[in-house]
Each structure stands twice: as structure tokens, then as C-alpha cells.
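Visitor: Build me a model:
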Amino acid sequence: MQPTEKHVAVVGAGPSGLIAAETLAAAGHRVVVYDRMPRVGRKLLLAGRGGLNLTHSEATERFMTRYRGAAPRLREAIDAFPPDSLRAWCEGLGQETFVGSSGRVFPRAMKTSPLLRAWLARLAGLGVEIKTNHRWLGWDGEALVFETPGCRLLVEPSCTVLALGGASWPRLGSDGSWAPVLCEAGVKVAPLAPANCGVRIAWSEIFSARFAGTPLKRIALSLADETSRGEAMITADGLEGGAVYALSAPIRDALQHRGEATLAIDLRPDLTADEIAAKLAKPRGKQSLATYLRKALNLDPVAIGLLQEQAHAGGTPLASLAPDALARAVKALPITAAGLAPIERAISTAGGVTFDDLDDAFMLRARPGTFIAGEMLDWEAPTGGYLLQACFATGRAAANGALAYLART
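Guide: As a prediction, this is how the structure comes out:
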């Protein structure tokens, strides 16, 4: 195993790694990107299947609250490369962007592949070399160790940016195998956990068989003092979707401390409980309860089925409820989650390298010359553009930290 000539190594060819490589190469450095997969940007391509949500257009202060406790540590990086800069970067690659009705920002093409092709062409023009099928195993002294199909390879770069992702969707490249390597090197890594994922709920066989795969539209989901509006999807063993993902952090905390999390679903968030009770006070006549609820409250069959499911679980027939009690159920139907979906099915990951183990330039205190970016860091955010924004911003920040380090050394 012979070391190669000096260069800057970027390990991981997702958005954080590729933007770090671009930043370093644009500054005149020879950059080699190493990735364990046979193709780059696999998770980015998956994220774009329904339209690539790059970032969000909301005001900065509101935007930063999405990162919860990590917001102060991410603020400088995002201020240096904010949503407008990400949009300008995208348009510089020939991919016009637009703001959707929800404030989310997308490429006009609504696809990842045109953006990725243009980006890889730019990187090639900057001289960036990308080596696939290189799995990073850690260090041997100061050298990086890679496993390749033919052999193990030692690489001694001038400095390194690690952007290996979290542990969600491991078949696409981010499997979290770097965590024990960093722990062994004396780096503190908060346990990796699923984020932006579904919850497990013990539906009855009848409800699951009938409604699995059916969306719950225009609902509000609450846990304690946090509320998320949007849609959710009934699955065979639980609930997932944007309204659920936005509450991943408090759900995970409740499960950790109490073993379960009781969510409240508001099936008609646009009406008050009194307004609903007034509508339900009208005589039902010969209508079935399902027909009555559909006509009186414009509830979908799945929403009515959910009301019946929970009434049955509580031992009180839905038809026996007085209008005010039924209105309360419509406004705050309790659903008990017994767990989260596995990390392999999560959209993103919580946990990672703690910010206390980094300096202000995203360099590991335990290994000078090694910088961390993207989902390897201990932060999380809901879907809606916040994930990619922080990945791009921290990739740029880590690269700029590496540039300052190279200038010093």
C-alpha cells in the first residue's frame, strides 16, 4: 500500500462533499473525492424523485428555528451560504428555481439528474477527480485507509473533509459505519437515530387492511405544545408523512423518556370545536354515522375510519358520543405511537459528531486537518428544504475551514 501524491481529500460524494470539493478546487487545490458507491449522489437522486426540494423561502429567523438546538452552531455557516445563495448556485448550473405555494424552493425541472449532470461537468472542469468504490475504513497514522475492489489503499492528503452522511438509506451509501471509527479516534459522536421518519402504531387488522396506503389530508398533528399541519399516510403498521416527520424530535424524546408518545390528530383544523359541535347537533335522521360525518364535516372515509378505530379501542361506540364529545374527538383524536420506524427507512438522521468536538471552522479538535460536514454533524431538521440547505452550507463552511488551514500550514 503506497501513499499517493499530496492533494485535498473529500470523503463522501453527496451534496456536502461535492460542494466542499467545488469550493476547494475553485480556490486552486487539487481535489480527489472518494465514495464507497459505484455512482455519486445516490441519495440526492432519490430525494429528487418527487421534485428536488433544495431549500425554503421563509424569513431567516423562522428558517433557523427549524434546526432546534443546533441553530446557533449552524447559523454562521447558513448566513455565509443562505437560501438565496443556494438558488443562485443552482441557477449558475443552468437550473432555474422557483418558489412553490408552500414556500419550498425547487429547480424548475423538478428533477435531480439535470442538476447533478451539470454539477459533475463543472467539477470535472475544475479538475476534481472522483474515485468510486472506495470505502473509508479510518486512519493508519496520518494516512486515510480505503478498501477498494482490488486492494487496500493508503492516502496521505494535505487535509481531509469527511462528508459521509448519516445512517438513513444505507443501501444508497450512508450507513453510519464511520461512527465507531471516529469514536475510536477520540471524537464524541451522539448516537445516530432516525429523523423524519414514520411512527409505529398498533392498528386493528380491519383498519390496517382497509386503509393502509391512504392519505390523511389537511390535518394537524400535535404532541405537547408542538403542532404540525399537512398530510400523513396510513401504513400497515403506523403513520408517516410530512406532518409526522416535522414532530420526529419530540416524538423521539417522548419515546425515550416514557416508552410511548401520544399524538393528537385534528381532522378539521380549519374549524373550532364549537363550530364542529354545532354542525353535529343537527339531526342525523336515517343516515348512517359515516354518511352523516361525511356530509356534516366533509370528512374522508379514512378520517371516519380513524375515529371509529380509536372509539373501538377506547371501548365507547362512536355513535354513542354526544355532539360536543364527538367534536372533541375530531379536534384532538389521541393516537399512541409505540416506536419509530427503523433508521433504514428514515429520510434523515439525528445525532452525529458533536459541535463541541469541532472548532469554529468545522475541524476536529482531536485530528487537526480533518473537517466534518453535512449529516455527520449532530443536527436535524424537518423536510421542506432545510436538510439540503444545511448540507450545502456546512459543506461550504468545512471547505472554507480547510482552505484557512492550508493557508496556515
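Visitor: can you list the domains in the chain?
Guide: 8-194+350-408, 199-340 (automatic domain parsing).
Visitor: Reformat those domains into a markdown table and put mean neighbour count and mean pLDDT next to each item.
Guide: C-beta: built from backbone N, CA, C; applies to glycine. Shown next, in a markdown table, are these (neighbours: other CB atoms under 10 Å; pLDDT from 0 to 100):
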| stretch | mean neighbour count | mean pLDDT |
| --- | --- | --- |
| domain 8-194+350-408 | 20 | 96 |
| domain 199-340 | 17 | 94 |
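Visitor: What distance do you get for residue 399 to residue 299?
Guide: To residue 299, residue 399 is 51 Å away according to CB to CB, to the nearest Å.
Visitor: Next, the contact list for residue 281, please.
Guide: residue 323 (CB atoms under 8 Å, 6 or more residues apart in numbering).
Visitor: now swap in residue 355 and tell me
Guide: Residues 70, 73, 377-378 are the ones in contact with residue 355 under the rule CB under 8 Å, 6+ apart.
Visitor: what packs against whichever helix in the chain runs longest?
Guide: Counting residues, the longest helix found in the chain (DSSP state H) is helix 386-408. Under the contact criterion of 3 or more CB pairs under 8 Å, 6 or more residues apart in numbering; DSSP states H and E, helix 386-408 touches helix 15-26, strand 55-56, helix 71-80, helix 83-92, strand 159-162, strand 370-372.
Visitor: Tell me the helices and strands packed up against the helix or strand just after the longest one.
Guide: Going back to what we said before, that points to helix 15-26. The first helix or strand that comes after helix 15-26 along the chain, using DSSP states H and E, is strand 31-34. In this structure, strand 31-34 makes packing contacts with strand 8-11, helix 15-26, strand 129-131, judged by 3+ CB pairs under 8 Å, 6+ apart.
Visitor: List the neighbouring strands of strand 31-34 plus their orientation.
Guide: The pairing partners recorded for strand 31-34 under DSSP bridges are strand 8-11 (parallel), strand 129-131 (parallel).
Visitor: Let's have the ones you listed in CSV, adding distance to residue 338.
Guide: Shown next, in CSV, are the strands paired with strand 31-34 (distance: least, CB to CB, whole Å):
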stretch, distance to residue 338
strand 8-11, 37
strand 129-131, 43
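Visitor: outside of the host helix or strand of residue 264, which residues touch it?
Guide: Using DSSP H and E, residue 264 maps to strand 261-266. For strand 261-266, contacts defined as CB under 8 Å, 6+ apart pick out 199, 216, 219-223, 232, 247, 250-251, 254-255, 306, 330-337.
Visitor: starting at the chain centroid, how far to that strand?
Guide: 22 Å (CA atoms, centre = their mean, to the nearest Å).
Visitor: any idea how far the helix or strand following it is from the chain center?
Guide: Reading on from strand 261-266 to the C-terminus, the next helix or strand found by DSSP H and E is helix 273-280. Its chain's C-alpha centre and that of helix 273-280 lie 38 Å apart, by CA atoms, centre = their mean.
Visitor: Report the inter-axis angle for helix 273-280 versus strand 261-266.
Guide: 60 degrees (axes from the mean of the first three to the mean of the last three CA atoms, to 10 degrees).
Visitor: So which elements touch helix 273-280?
Guide: Helices and strands touching helix 273-280, as assessed by 3+ CB pairs under 8 Å, 6+ apart, comprise helix 289-297, helix 323-331.
Visitor: Contacts for the helix or strand following the first one next, please.
Guide: Next helix or strand after helix 289-297 toward the C-terminus (DSSP H and E): helix 301-314. Helix 301-314 is contacted from outside by 203-204, 207, 210-211, 214-216, 219, 234, 265, 267, 289-290, 293-294, 299, 317-318, 321, 329-330, 333-335, using CB under 8 Å, 6+ apart.
Visitor: Using CSV, write out the CA atom coordinates for helix 301-314.
Guide: Only the C-alpha atoms of helix 301-314 are listed here, as CSV (Å, rounded to 0.1, in the frame of the first residue of the first chain):
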residue,chain,number,x,y,z
PRO,A,301,-63.6,7.7,4.7
VAL,A,302,-60.1,7.3,6.2
ALA,A,303,-60.8,10.0,8.8
ILE,A,304,-64.1,8.4,9.8
GLY,A,305,-62.4,5.1,9.9
LEU,A,306,-59.8,6.5,12.2
LEU,A,307,-62.5,7.9,14.5
GLN,A,308,-64.2,4.5,14.6
GLU,A,309,-60.8,2.8,15.2
GLN,A,310,-60.0,4.8,18.2
ALA,A,311,-63.5,4.7,19.6
HIS,A,312,-63.5,1.0,19.4
ALA,A,313,-60.0,0.9,21.1
GLY,A,314,-61.4,3.0,23.9
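Visitor: circling back: which one of the contacts of residue 355 sits closest to residue 160?
Guide: Nearest to residue 160 among the contacts of residue 355 is residue 377, at 15.4 Å by CB to CB.
Visitor: hang on, the earlier thing: in a markdown table: the helices and strands packed on strand 31-34, plus distance to residue 154.
Guide: Putting these into a markdown table (distance: least, CB to CB, whole Å) gives the following:
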| stretch | distance to residue 154 |
| --- | --- |
| strand 8-11 | 12 |
| helix 15-26 | 20 |
| strand 129-131 | 14 |
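Visitor: To residue 141, which of the ones you listed lies closest?
Guide: Ranking these by proximity to residue 141 (CB to CB) places strand 8-11 first, at 14.8 Å.
Visitor: Identify the residues contacting the closest one?
Guide: For strand 8-11, using CB under 8 Å, 6+ apart, the contacting residues are 17-18, 20-21, 24, 29-35, 136, 144, 155, 157-164, 402, 406.
Visitor: The residue positioned nearest the centre of the chain pairs with what?
Guide: Centrality entry for the chain: nearest residue to the mean C-alpha point is residue 348, 3.6 Å, by CA atoms, centre = their mean. Residue 348 has these beta-bridge partners by DSSP bridges: residue 195.
Visitor: in the stretch 151-300 of the chain, which spans are helices?
Guide: Along the stretch 151-300 of the chain, counting by DSSP state H, counting those that start in this stretch, helices occupy 178-184, 205-211, 242-245, 248-258, 273-280, 289-297.
Visitor: Next, format the ones you listed as JSON lines and append distance to residue 361.
Guide: Converted to JSON lines, the helices of the stretch 151-300 of the chain look like this (distance: least, CB to CB, whole Å):
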{"stretch": "helix 178-184", "distance to residue 361": "18"}
{"stretch": "helix 205-211", "distance to residue 361": "50"}
{"stretch": "helix 242-245", "distance to residue 361": "31"}
{"stretch": "helix 248-258", "distance to residue 361": "27"}
{"stretch": "helix 273-280", "distance to residue 361": "52"}
{"stretch": "helix 289-297", "distance to residue 361": "55"}
